[in-house]
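[1] Next input, structure requested:
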Amino acid sequence: MGTRAWQTIALKTPGSALKTVESHSKEEAARIAAALGKNPVSIKECTLSDAFREVGSHSKMTAIGAYRSGHVVLNFDIANELVCSSRHSKRIVDALCAPDIAAVFAHSVSSCWGYAIYRNGSLLRASAGGDGEWYINRGNPLPEFEPGLVGSKVEETKAGYRLSDVAEDDDACGYSIGDDAANLITDAYISTELWFESRCSLFERRGFISRCLARLSPKSSYNQNPDRGSD
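    Residues are numbered from 1 along each chain as shown. The predicted structure is shown next:
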């Protein structure tokens, strides 16, 4: 099945990372769920790692971990909305109530990847691609997460973007760079042990924000007009 990831991590203290296992607040998770969707139905509590498998197997599920230091939301579409800077992104950022937010998705089989970082409610950096195309490239590359892009020349094409100093038959569309960045961001925002020890709430996804990245064409309206406001 390949490697997969789809998470949004919100830190209440920028740069602090979720490293210590903290008790999960079902009430706060329910508040976030309600802010993200309509009439969310709580299913059960489980670990983040178990929730990740549930969310991956059942598209109608969303997991939310609410902790004193920050929050974790496991849902592909919510991470995707933040990466695409869609009209729903402000609503998501407001619901998470945190100054440092990272959204990540990746799937090695389909070569689909994307990540975004928001600081104090504003988009700092977003990059995404798939199927051999790189079609979101906003903000400046972040040295700590994208060392392969720092100093590289990026050119705009009809399909999106490519590294101008890389041969056409090599990774000119940056999948390896994007996949590596997604992993580095996740590792920087949440420790591995928390995936297996932290509890979270699993919700039925009915009514949650939903848009599939595969339906977004390169140079779509999401790419050309990122600041369209919220619902």
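
[2] contacts, neighbours, all on C-alpha from now
    Fine.

[3] For my notes, confirm residue 134 occurs in a strand.
    Yes - applying DSSP: H, G, I helix; E, B strand; the rest coil, one finds residue 134 inside a strand.

[4] what about it, distance to residue 96?
    Distance of residue 134 to residue 96, given as CA to CA, to the nearest Å: 28 Å.

[5] How about residue 116?
    Taking CA to CA as the measure, residue 116 falls 15 Å from residue 96.

[6] Kindly report the same for residue 10.
    Residue 10 is 7 Å from residue 96, by CA to CA.

[7] Between the two, which contacts overlap?
    residue 71 (CA atoms under 8 Å, 6 or more residues apart in numbering).

[8] Remind me which helix or strand residue 146 belongs to.
    Under the criterion DSSP states H and E, no helix or strand holds residue 146.

[9] ok, and the closest non-adjacent residue to it?
    residue 181 (5.7 Å; CA to CA, 6 or more residues apart in numbering).

[10] Counting neighbours, what do you get for that neighbour?
    Neighbour count for residue 181, taken as other CA atoms under 10 Å: 23.

[11] Is it in a helix, a strand, or coil?
    Per three-state DSSP, residue 181 ends up helix.

[12] Isn't it up against residue 145?
    Yes - contact criterion CA atoms under 8 Å: residue 181 and residue 145 qualify, at 5.1 Å.
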